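Student: here is a sequence with its predicted model. Questions after.
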Amino acid sequence: MPAEQTNIKVVVRVRPYNKREQEQNQRCIIKVMDSSALLFDPDEEDDEFFFQGSKQQYRDISKRMNKKLSMDFDRVFDTENSNQDIFTECTAPLVDSALNGYNCSVFVYGATGAGKTFTMLGSDSCPGLTFLTMRDLFEKIEAQQDVRKFEVGVSYLEVYNEHVMNLLTKTGPLKLREDSNGVVVSGLVLTPIHSAEELLRLLELGNANRTQHPTDANAESSRSHAIFQVHIRMTDRKTGTKRTVKLSMIDLAGSERAASTKGIGMRFKEGASINKSLLALGNCINKLADGLKHIPYRDSNLTRILKDSLGGNCRTLMVANVSMSSLTYEDTYNTLKYASRAKKIRTTLRQNVLKTNMPKEFYVKKVTEVMTENERLVERNKQMEAKLLKFERDTASHNNIVSYDAQALKPWYSKIDAVYASVIKTQEYAIGIRSRIKNLSYRQTMKKDLEEYRKLLSLDQRLFQEDYVRFQSYIAKLTTQYEQHIEELPRWRTKLQDAYKDVEKLKREVRGSKHREILSIYLRSKDLEVQLSKQNINSNHLSAINMELNENSNQLRKSYRTACEVLHQTYDSLQETQKLTPEIQMLYERLLRKVRFTENEPSSTSTQDGDVLLASKEEDEERVAAGANLSGIAKKRTRLRCSTSGDHLDLELDTESYEDTDSDGGGGCTVEEEQPFKKPRNLNETRVINTATPSTAPKSTTITKSRNISHRLVADILSEQNVSGVKDKEKIKQALLKSNNFSANSLQRTVAAAALQKENLKHNSNYVRKSPRALIAKTLSGTSALTRKVTPSRLAGTIGSGAMKEAPLVRINRAASFRVKK
Ligand SMILES: Nc1ncnc2c1ncn2[C@@H]1O[C@H](COP(=O)(O)OP(=O)(O)OP(=O)(O)O)[C@@H](O)[C@H]1O
């Protein structure tokens, strides 16, 4: 509520001469200049100085000089002005202010007999300000009855010798106390009134109780300060707003000097007390006028009661009563000085809405209302919060990509990483064991073969037997290892199946999560990582097999060379000694034909399961026909068949179903009679596999570079098929590109792989390119994204171009692996 600063309104009322003053024919000391100015102690018009009969230019120096003090006030009422005039101009506006919620005070100040009581109370014929004001108040209340409900109560107090007395009940002294609403008179009971006439009766009653004693100045001098207060409680009938205001009418005791009343004894004490309170009032007025902060209101009970009227929340009118007679020269001068000082006092006005004088029930009701309103607002707040939550959820599900935040996804990534790390580790062990089993089996076979050849060639049976013992011991050691691994394998297979079950469970959780779209892509990348790991193990396994093969091949080559030399010498020797039989000659010629140079590669027939035979059918027929000793070697030819998928380890992982498809019962790698070795592939080949019929296409035995899997991985992640299923694929791509879980390099390589795949589309599924380097170089040079630093946006654009759509799976061997320029 805005506060309004306003000055105390000070008016001066000049009383006409009374009978005594008229009789003493004193001069007039106040000349009213206009409605707001007066001249104190003016020059008299006939105040001319004659000396020896002639008018002098200068004044009579034996006489006191006139003050001729010009003073301005808010209003100066002359002797002709009535109480009605003062009411109309000064207190009627205060009634309006009071009804608007402002506290108002009117106090009259002046020396004894100056007309204070006349102004405030008046007489029957000439009612004073109190009656006129109250009559006006009741008239205005009556006019507003439809709008507001009014309750009016009055009190009439007297401060006499610093005692506060209740004039209406003639009780006291009452104590003053201060609370947050100002000074309160303890035990004061308000008397309700409903009309100005009632008020008149109460005033009469109060005045009758007031302490009065005749003084020289006034036969009915009031020797106390009388404070009449009207408490008005207003209730707005529409809004229920309540206001309580206080209208105070204060008739001060005479401010004359104690000596002027010529009092002795009780009267002197009385005068001293009056002067004490008025002195305190003067001090307060002076300090308030000077704008000081500390005002000594507590110096007297009068100033305590007037605290609100002087310096508080109150619209105040001060009527300074003075006589125009020079008999009251000093008192009048003092009164006017007081009035001038009081003019400077500023009060702060605030509209009262609620006052503490309200009955307790009022506050109980108010608190109940406020609590009810509070409960309603709490309930509404809950509803609003629920709505807001729903709105946020709806928005999140509508713009699901936007709602992804790294913090929310972090725990998911950690969990997925942990589960897949376990799968990869277990798979490493399981397939590693399988690899060792196959290697051991392969080595056994090879060693047995060599031992067979050695036995055939050996002439010294004693030496052969020595070697054979060592051979047996070695084979036994291999068998033990083999059996250990065979025993271990099922345990790891079970572990791996458990790890796959964990993955399945995790996938179900992801499907139920609100981040399922981006997480399913992450899961896909992890699936491909598992495949990549498997490919790495396969690659290592094949390298080991290859090394074994090379080693054995070298040994056979050396043996073959030596055998040829022996054969040649034996043939020569037989010929020289003419012991060469036609059968031996035929056999020899057949052997020579066999080793003749041919441009064709050794014929290789792919078996249904993709294995490659090293010996041709024709060769077998010749061997049978020849019936020679060497045919025994052929008959004893051993084939190695590790599984239906050749040398690839067959602990297959279907990343969709996670079922172990290995169906050879754990002993997949067995040594069988008449089974061919698989031909190791040319390491400079790239085989294109048609992905359109993956189930029927032959499985490649090409040793692939493991990095290809990562290319496929990222290609799969960012492929149109993956991303097109979601609402905002661009945002998903951006999220992937920005994520720490996807490296820029792998994404970069993916694009190269995609380009290569696209190129491969031009060839049929069985096309084998000898060296893909030129193609890769061509592809890379045509892919600006690969020769320059790849920006996420450029990369995203490349990926989204559809180049990868329907691209076949391509495997690039080690020698042909491409290198991306960074
Ligand atoms: N404006 C006036 N017109 C006519 N008579 C007046 C006027 N003012 C005062 N009187 C008369 O002067 C006399 C003294 O006035 P009043 O009792 O009001 O003085 P007072 O200031 O109240 O004195 P005290 O402080 O001693 O009570 C009264 O008889 C009163 O009728």
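Tutor: That came in fine, so what should we check first? Numbers count the residues shown, from 1 in each chain.

Student: C-alpha only now, for contacts and for neighbours.
Tutor: Will do.

Student: could you pull out the strands in the stretch 1-150 of the chain for me?
Tutor: 4-7, 9-15, 30-32, 37-40, 50-51, 54-55, 69-72, 75-77, 104-110, 148-160 (DSSP state E, counting those that start in this stretch).

Student: so residue 172 is in which element?
Tutor: strand 171-174 (DSSP states H and E).

Student: mind listing what's buried in that strand?
Tutor: For strand 171-174, a neighbour-count test (16 or more other Cα atoms under 10 Å) marks 173, 174 as buried.

Student: and the contacts of whichever helix or strand comes after it?
Tutor: Downstream of strand 171-174, the first helix or strand assigned by DSSP H and E is strand 176-179. Strand 176-179 is contacted by residues 183, 184, 185, 186, 301 when judged by Cα atoms under 8 Å, 6 or more residues apart in numbering.

Student: pick out the most distant pair among the residues you listed.
Tutor: 186 and 301 (13.1 Å; Cα to Cα).

Student: of these two, who's got more company?
Tutor: Neighbour count, other Cα atoms under 10 Å: between residue 186 and residue 301, residue 301 has more, with 21 against 12.

Student: the more buried one: what's it in contact with?
Tutor: Residues near residue 301 by Cα under 8 Å, 6+ apart: 159, 162, 163, 164, 176, 277.

Student: mind running it again at 6 Å?
Tutor: With contacts defined as Cα atoms under 6 Å, 6 or more residues apart in numbering, the neighbours of residue 301 are residue 162.

Student: the ligand contacts on the chain?
Tutor: Contact residues (Cα under 6 Å from any ligand atom) of the chain with the ligand: 15-16, 111-118, 218, 221-222, 253-254.

Student: can you do 5 Å?
Tutor: By the rule Cα under 5 Å from any ligand atom, the part of the chain lying against the ligand is 15, 112, 113, 114, 115, 116, 117, 118, 221, 222, 253, 254.

Student: separation between the last one and residue 560?
Tutor: To tie it back to what came earlier, the one meant is residue 254. 152 Å (Cα to Cα, to the nearest Å).

Student: the two: which has the busier surroundings?
Tutor: Between residue 254 and residue 560, counting by other Cα under 10 Å, residue 254 is the more crowded of the two (31 against 12).

Student: wait, a strand at that one?
Tutor: No: assigned with DSSP: H, G, I helix; E, B strand; the rest coil, residue 254 falls outside any strand and is coil.

Student: so it touches residue 114, yeah?
Tutor: No: contact between residue 254 and residue 114 fails when scored by Cα atoms under 6 Å: they sit 8.0 Å apart.

Student: ok, residue 246 - contacts?
Tutor: Residue 246 touches 103, 230, 231, counting by Cα under 6 Å, 6+ apart.

Student: and for residue 156?
Tutor: Applying Cα under 6 Å, 6+ apart, the residues contacting residue 156 are 167, 168, 227, 228.

Student: could you redo the last one with a cut-off of 7 Å?
Tutor: 166, 167, 168, 206, 227, 228, 229 (Cα atoms under 7 Å, 6 or more residues apart in numbering).

Student: elements contacting the host helix or strand of residue 555?
Tutor: For residue 555, the enclosing helix or strand under DSSP H and E is helix 516-576. Using 3 or more Cα pairs under 7 Å, 6 or more residues apart in numbering; DSSP states H and E, the elements in contact with helix 516-576 are helix 406-457, helix 707-718.

Student: those helices: lowest mean pLDDT?
Tutor: When those are compared on mean pLDDT, helix 707-718 scores lowest, with a mean of 51.

Student: which one of the contacts of residue 156 is nearest the ligand?
Tutor: Comparing the contacts of residue 156 against the ligand with Cα to the nearest ligand atom places residue 227 closest, at 13.4 Å.

Student: so that closest one is in which element?
Tutor: Going by DSSP H and E, residue 227 is part of strand 225-236.

Student: so what does that strand touch, helix or strand wise?
Tutor: Secondary-structure packing of strand 225-236 (3+ Cα pairs under 7 Å, 6+ apart): strand 148-160, strand 242-251.

Student: in helices only, show me the residues of the chain next to the ligand.
Tutor: 116, 117, 118 (DSSP state H).

Student: out of the contacts of residue 246, grab the one that's most surrounded.
Tutor: Busiest of the contacts of residue 246 [other Cα under 10 Å] is residue 103, holding 28 neighbours.

Student: so residue 117 makes contact with residue 250?
Tutor: No: Residue 117 is not in contact with residue 250 according to Cα atoms under 7 Å; the separation is 9.7 Å.

Student: phi, psi for residue 34 please.
Tutor: phi -150, psi -160 (degrees, to the nearest 10).

Student: per-residue confidence for it?
Tutor: 86.

Student: mind checking pLDDT for residue 359?
Tutor: With respect to pLDDT, residue 359 scores 61.

Student: the closest residue in space to residue 148 that isn't next to it in sequence: neighbour count?
Tutor: Closest residue in space to residue 148, ignoring its immediate chain neighbours: residue 236 at 4.5 Å, by Cα to Cα, 6 or more residues apart in numbering. When neighbours are defined as other Cα under 10 Å, residue 236 has 16 of them.

Student: could you do residue 139 as well?
Tutor: Neighbour tally, residue 139, other Cα under 10 Å: 13.

Student: and it, how far from the ligand?
Tutor: 26 Å (Cα to the nearest ligand atom, to the nearest Å).

Student: contacting residues around residue 245?
Tutor: Residue 245 neighbours (Cα under 7 Å, 6+ apart): 98, 101, 102, 103, 231, 232, 233, 352.

Student: residue 98 now?
Tutor: Residue 98 neighbours (Cα under 7 Å, 6+ apart): 104, 245, 247.

Student: please report the distance of it from residue 373.
Tutor: 31 Å.

Student: re earlier: which of the contacts of strand 176-179 sits closest to the ligand?
Tutor: Nearest to the ligand among these, counting by Cα to the nearest ligand atom, is residue 301 at 18.2 Å.

Student: ranges for the strands of the stretch 201-350 of the chain?
Tutor: Using DSSP E, counting those that start in this stretch, the strands found in the stretch 201-350 of the chain span residues 212-213, 221-222, 225-236, 242-251, 315-323, 346-349.

Student: give me the mean pLDDT for stretch 338-353.
Tutor: For stretch 338-353, mean pLDDT is 74.

Student: can you give me the pLDDT of the closest residue to the ligand within the stretch 501-650 of the chain?
Tutor: Taking Cα to the nearest ligand atom, the ligand has its nearest neighbour within the stretch 501-650 of the chain at residue 514, 89.9 Å off. We have a pLDDT of 83 for residue 514.

Student: cool, and residue 487?
Tutor: At residue 487, pLDDT is 91.

Student: tell me how far it lies from the ligand.
Tutor: Computed as Cα to the nearest ligand atom, the residue 487 to the ligand distance reads 127 Å.

Student: for that residue, the count of nearby residues, please.
Tutor: Neighbours of residue 487 (other Cα under 10 Å): 13.

Student: assign it to helix, strand or coil.
Tutor: What three-state DSSP gives for residue 487 is helix.

Student: do the same with residue 597
Tutor: Applying three-state DSSP: residue 597 is coil.

Student: got the contact list for it?
Tutor: Taking Cα under 7 Å, 6+ apart, we find residue 597 in contact with no residue.

Student: show me where pLDDT drops low in the stretch 501-650 of the chain?
Tutor: 598-650 (pLDDT under 70).

Student: one more time with 90
Tutor: Across the stretch 501-650 of the chain, the ranges flagged by pLDDT under 90 are 510-650.
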